[in-house]
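Novice: Sequence and predicted model, in that order:
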Amino acid sequence: MEHTLDNKVLIDAIEAMKKNPTDDTRNAVIEEIVMNAKFYMPAKITALDNDAESGENRAEIQVQLITANSSQIFFPAFTGDEELRKWNDDYNGQTLSVSFDDIAIMLSRDKNIAGFVIDPFGVNLPIDRTSAESFRLQKEVRMNGMARRVISEDSDIDFKTPEEMPEDLLKVIKEYLSDKESVNAAYYLEMEHEGLASHLVVIDVDGNESPIFTPLLDIVRPYLGVRLFDLVRADSGLGRRAVAISAPFYKHA
């Protein structure tokens with residue numbers, strides 16, 4: 001370990017949440033985990049031959065895993081030396097220093113990992129993979145204005161027309177689309193994919209969708225609540241599935 005981690009803000013936030021579990025204290029913990037904290041992960045790092053084309057050094061990394069919650073497998077994420085020693089007081093092996101972004105990438109590469117656990121032999125705070133992916137998407141939207149996720153055409157997706165439509169959301173979308181000559185129609189469904197619920201808006205658009213989609217993402221943000229927002233073309237695989245089972249909430253006059 002090249003340096004000692006400083007996670008005092010996170011540790012204090014977790015302690016405050018344990019004493020008083022409210023939305024505010026939980027959000028403070030999530031904010032620190034996703035935006036600022038660094039963690040130790042014990043790992044075996046094996047150097048490989050350099051990449052001939054790029055000249056970069058390559059390595060094989062095997063991260064130590066732990067078992068919890070009825071044999072589910074998690075990445076351990078230790079906030080400092082003391083917590084690492086609770087796992088193994090004699091540990092003298094290699095250790096990665098990772099951020100939330102690093103962990104999110106690792107989870108995306110192995111669907112068998114259930115999530116990660118912060119200080120499993122201390123506060124024992126688990127973050128399951130569905131929550132981690134939701135936090136990743138929310139961070140990407142926050143940092144870049146939008147986020148992309150890949151949903152294959154044959155994915156297991158639940159579509160639903162809600163009993164009460166989100167009228168405020170649909171109203172601002174209709175107002176925005178009303179003068180867009182390239183837009184023919186728009187459709188709305190609720191969608192759940194891999195445990196993440198979202199508003200799904202499908203737009204039948206001619207030509208390049210970016211000039212239509214990019215401003216719309218900023219317009220709808222105040223109306224989304226806790227749900228994610230998925231915006232797709234009607235001629236995409238996901239769009240065709242949704243259009244087949246729904247009626248348009250907007251049609252170009």
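Specialist: Structure received.
Novice: For the rest of this, base every contact and every neighbour count on C-alpha atoms.
Specialist: Noted.
Novice: Flag every buried residue along stretch 197-212.
Specialist: By neighbour count, and taking 16 or more other CA atoms under 10 Å as the criterion, the buried residues in stretch 197-212 are A197, S198, H199, L200, V201, V202, I203, D204, V205, I212.
Novice: Give me the residues contacting that stretch.
Specialist: Contacting residues not belonging to stretch 197-212 are listed as 180, 182-192, 224, 227-235, 239, 242-243 [CA atoms under 8 Å, 6 or more residues apart in numbering].
Novice: Kindly report the same for stretch 37-45.
Specialist: Defining contact as CA under 8 Å, 6+ apart, one finds that stretch 37-45 is touched by 5-7, 10, 59-64, 75-80, 84, 93-100.
Novice: Surely D81 and T4 touch.
Specialist: Yes: using CA atoms under 8 Å, D81 and T4 qualify as a contacting pair, with a distance of 7.2 Å.
Novice: Which one of the two is surrounded by more residues?
Specialist: Neighbour totals were compared for D81 and T4, and D81 leads with 15 against 11 (other CA atoms under 10 Å).
Novice: out of the contacts of stretch 197-212, which are inside helices?
Specialist: For those, membership in helices holds for G239, A242, V243, with DSSP state H as the criterion.
Novice: Got the confidence number for the second one?
Specialist: Right, the one you point to is A242. Note for A242: predicted pLDDT of 92.
Novice: swap in the first one?
Specialist: Taken from the predicted model, the pLDDT recorded for G239 is 91.
Novice: Pretty sure it sits against L231.
Specialist: No: assessed by CA under 8 Å, G239 is found out of contact with L231, at 9.0 Å.
Novice: lowest average confidence, helix or strand, in this protein?
Specialist: strand 58-63 (a mean of 77; mean pLDDT, DSSP states H and E).
Novice: I'd like the next helix or strand past it.
Specialist: Note on strand 58-63: by DSSP states H and E, the next helix or strand toward the C-terminus is strand 66-68.
Novice: so after that next one, what's the next helix or strand?
Specialist: The C-terminal neighbour of strand 66-68 among helices and strands, as given by DSSP H and E, is strand 72-77.
Novice: and that following strand, which residues are buried?
Specialist: Of the residues in strand 72-77, those buried by neighbour count under the rule 16+ other CA under 10 Å are I73, F74, F75, P76, A77.
Novice: Where does M41 sit: helix, strand or coil?
Specialist: Under the three-state scheme (DSSP: H, G, I helix; E, B strand; the rest coil), the conformation of M41 reads as strand.
Novice: Can you tell me the closest non-neighbouring residue to it?
Specialist: L96 (5.1 Å; CA to CA, 6 or more residues apart in numbering).
Novice: show me the contacts for the one you found.
Specialist: So, once contact is read as CA under 8 Å, 6+ apart, L96 ends up touching M1, F39, Y40, M41, P42, A43.
Novice: One more: D168?
Specialist: Taking CA under 8 Å, 6+ apart as the definition of contact, the neighbours of D168 are Y223.
Novice: Which of the helices or strands spans it?
Specialist: helix 167-177.
Novice: What's the mean pLDDT across stretch 102-110?
Specialist: Mean pLDDT, stretch 102-110: 91.
Novice: check contacts around the nearest residue to M191 once chain neighbours are set aside.
Specialist: Spatial nearest neighbour of M191, chain neighbours left out: F159 (4.7 Å); criterion: CA to CA, 6+ apart. With contact taken as CA under 8 Å, 6+ apart, F159 is in contact with L189, E190, M191, E192, A242.
Novice: among these, which ones are buried?
Specialist: Burial by neighbour count, judged by 16+ other CA under 10 Å, picks out L189, E190, M191, E192, A242 from the contacts of F159.
Novice: and which of the residues you listed is nearest E15?
Specialist: Nearest to E15, judged by CA to CA, of those is E192 at 32.7 Å.
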